[in-house]
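[1] Everything below, folded, please.
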Amino acid sequence: MLTSRQKLILKAIIEIYQETAEPVGSKTLMNLPYLDFSSATLRYDMALLEELGYLEKTHTSSGRVPSDKGYRYYVDNLVTRDSEVAKVFPLVDEIFAKNTLARDKAVQEALNLLSEITKYTAVAVGPDSNEAKIKRIDFIPLSDSDAVILIVTDQGHVQHQQIHLSGNSSVSELKEVIKTLDDLLKDRLLNEAIEILKSEQATQELNAFMTYQAQIIDSFIQAFSKFASDSFYLSGMTNVFEQPEFNNVNHIKKFMDMMERREIVKLIGNEDGLSIRFSSDMEIIPMDQMTIVSVPYQISNEEKGTIALLGPSRMAYKKVIPLLEYIAANLAKLYKKDEE
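    Take a look at the predicted model:
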């Protein structure tokens with residue numbers, strides 16, 4: 001159990017370190033009006049906080065830096081939401097007001113604003129498309145040799161893929177192919193459907209249409225893959241490289257690889273509310289001193305998405321948390337409008 005003075009010292013060290021990225025010593029703390037204690041008293045409490053695992057001592061300075069345990073205590077017990085962040089809320093409102101009919105654009109612009117304000121990497125993840133089932137497969141003929149394939153899921157999502165039929169193939173033949181695939185893939189999970197298309201079963205079912213069998217299968221696999229890509233948004237991937245914690249070339253390569261492979265989706269919290277995860281909380285992590293702060297937003301009774309920020313453990317939580325919560329609330333409203 002920390003004393004009130006120890007809590008004040010820990011809070012002060014974390015918030016100073018957030019600004020400076022430099023170890024904090026007792027002389028710096030003595031300049032704070034609410035820490036009007038002797039240098040000896042401050043050093044004693046700092047040593048005790050270090051002994052308890054809330055602070056760490058660096059080799060290059062007599063000052064201390066927060067540990068993951070210290071950050072965890074801070075975000076769970078000490079952080080307050082900065083009311084000054086409300087000044088940027090009108091910018092968020094403007095994005096959603098002008099994009100009421102363009103959901104994807106609104107999500108991306110909101111992420112761009114979030115990464116620009118915070119200087120961290122922003123990510124938004126929609127509902128897990130792998131849990132969606134195929135409700136219907138259809139097509140719209142555009143000409144004698146061109147058509148658009150439509151794939152509708154039980155969650156109301158629609159994906160389309162244009163296809164061109166070469167040679168002697170015709171749209172009337174494509175109609176039979178679509179009916180065959182509709183029977184084959186209906187009520188299947190999206191990832192299950194991809195595996196079926198790659199199997200001998202699909203080859204046998206489409207055997208009568210050998211002239212463009214491969215093209216059909218490839219077009220459907222592309223369409224199914226788009227469901228996953230369309231639910232992932234990213235902004236400011238290189239922002240974190242401006243932070244001193246991310247100046248290691250090897251770390252940068254690992255971070256870039258993690259983002260390109262979208263392994264970040266596995267790291268984002270899936271809790272019902274605010275989630276803050278530190279390096280020590282995660283098995284798949286490219287580097288130490290990294291934090292992921294995420295907030296879910298409700299899409300429907302069954303579905304939710306998540307918006308998150310990636311940055312150094314010393315990120316300004318008192319500013320980041322209310323900003324994420326406000327954007328998440330607006331995203332939820334946007335999806336509700338889209339359903340109306």
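[2] Low-confidence ranges, the stretch 151-300 of the chain, go.
    155-158, 165-170, 200-215, 223-230, 269-271, 283-287, 300 (pLDDT under 70).
[3] how about the strands in it?
    Assigned by DSSP state E, counting those that start in this stretch, the stretch 151-300 of the chain shows strands spanning 158-164, 232-235, 275-278, 290-298.
[4] With distance to residue 334 as added columns, please give those strands in TSV.
    (Each C-beta comes from the backbone N, C-alpha and C, glycine too.) Formatted as TSV, the strands of the stretch 151-300 of the chain follow (distance: least, CB to CB, whole Å):
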stretch	distance to residue 334
strand 158-164	17
strand 232-235	13
strand 275-278	21
strand 290-298	9
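[5] who wins for proximity to residue 109 among those?
    strand 232-235 (9.0 Å; CB to CB).
[6] What are the buried residues along the closest one?
    By 16 or more other CB atoms under 10 Å, the buried positions in strand 232-235 come out as 233, 234, 235.
[7] Distance to residue 146 for those residues - can I get that in a markdown table?
    Below are those laid out as a markdown table (distance: CB to CB, whole Å):
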| residue | distance to residue 146 |
| --- | --- |
| 233 | 31 |
| 234 | 33 |
| 235 | 35 |
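[8] between those residues, which is nearest residue 255?
    residue 234 (12.5 Å).
[9] Might one say that that closest one is in contact with residue 256?
    No. Residue 234 lies out of contact with residue 256 (CB atoms under 8 Å); the separation is 11.8 Å.
[10] on that earlier part again, nearest to residue 28, out of the strands of the stretch 151-300 of the chain?
    Per CB to CB, nearest to residue 28 of these: strand 290-298, 23.1 Å.
[11] Which other helices and strands does the helix or strand following that closest one contact?
    The helix or strand immediately downstream of strand 290-298 is strand 304-312, counting by DSSP states H and E. If contacts are counted by 3 or more CB pairs under 8 Å, 6 or more residues apart in numbering; DSSP states H and E, strand 304-312 sits against helix 103-118, strand 121-125, strand 290-298, helix 317-339.
[12] Given strand 304-312, what are its sheet partners and their directions?
    strand 121-125 (antiparallel), strand 290-298 (antiparallel) (DSSP bridges).
[13] deepest of these, which one?
    strand 121-125 (a mean of 25; mean count of other CB atoms under 10 Å).
[14] which residues touch the following helix or strand past that strand?
    Using DSSP H and E, the helix or strand that directly follows strand 121-125 along the chain is strand 134-141. Strand 134-141 is contacted from outside by 147-154, 171, 174-175, 178, 181-182, 185-188, 190, 193, using CB atoms under 8 Å, 6 or more residues apart in numbering.
[15] Please name the nearest non-neighbouring residue to residue 56.
    residue 67 (4.9 Å; CB to CB, 6 or more residues apart in numbering).
[16] From residue 288, how far out is that neighbour?
    Distance of residue 67 to residue 288, given as CB to CB, to the nearest Å: 11 Å.
[17] Comparing the two, which residue is more hemmed in?
    Comparing residue 67 with residue 288 by other CB atoms under 10 Å, the one with more neighbours is residue 67, at 19 against 14.
[18] Enumerate every residue touching the more buried one.
    So residue 67 contacts 53, 54, 55, 56 (CB under 8 Å, 6+ apart).
[19] same deal with residue 118?
    239, 309, 311, 315, 316, 319, 320, 323.
[20] repeat that for 10 Å
    Applying CB atoms under 10 Å, 6 or more residues apart in numbering to residue 118 gives the contacts 236, 239, 293, 309, 311, 315, 316, 319, 320, 323, 324.
[21] unless I'm mixing things up, the third one is touching residue 281, no?
    If I follow you right, that is residue 293. No. Between residue 293 and residue 281 there is no contact under CB atoms under 10 Å: 12.0 Å.
[22] still on that earlier bit, what residues do residue 67 and residue 288 have in common as contacts?
    278, 280, 313.
[23] quick one on the thing from earlier: pLDDT check: weakest of the contacts of residue 67?
    Least confident of these in the model: residue 56, at 93.
[24] Can you tell me how far that residue is from residue 70?
    8 Å.
[25] Show me what the closest residue to residue 181 other than its chain neighbours is bridged to.
    Nearest residue to residue 181, sequence neighbours excluded (CB to CB, 6+ apart): residue 137, at 5.5 Å. Beta-bridge partners for residue 137, by DSSP bridges, are residue 151.
[26] what's the neighbour count on residue 137?
    Neighbours around residue 137, by other CB under 10 Å: 22.
[27] quick one: it and residue 216, what's the gap?
    Relative to residue 216, residue 137 is positioned 11 Å away (CB to CB).
[28] Now list whatever residues contact both of those two.
    In contact with both residue 137 and residue 216: 149, 177, 178, 180, 181, using CB under 10 Å, 6+ apart.
[29] among the shared contacts of residue 67 and residue 288, which ones are buried?
    Buried among the shared contacts of residue 67 and residue 288 (16+ other CB under 10 Å): 278, 313.
[30] Same list, the shared contacts of residue 67 and residue 288, but as a markdown table with distance to residue 43 please.
    Below are these laid out as a markdown table (distance: CB to CB, whole Å):
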| residue | distance to residue 43 |
| --- | --- |
| 278 | 26 |
| 280 | 26 |
| 313 | 24 |
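[31] Looking at the shared contacts of residue 67 and residue 288, which is nearest residue 5?
    Distances from residue 5 to the shared contacts of residue 67 and residue 288, taken by CB to CB, are shortest for residue 313, at 23.8 Å.
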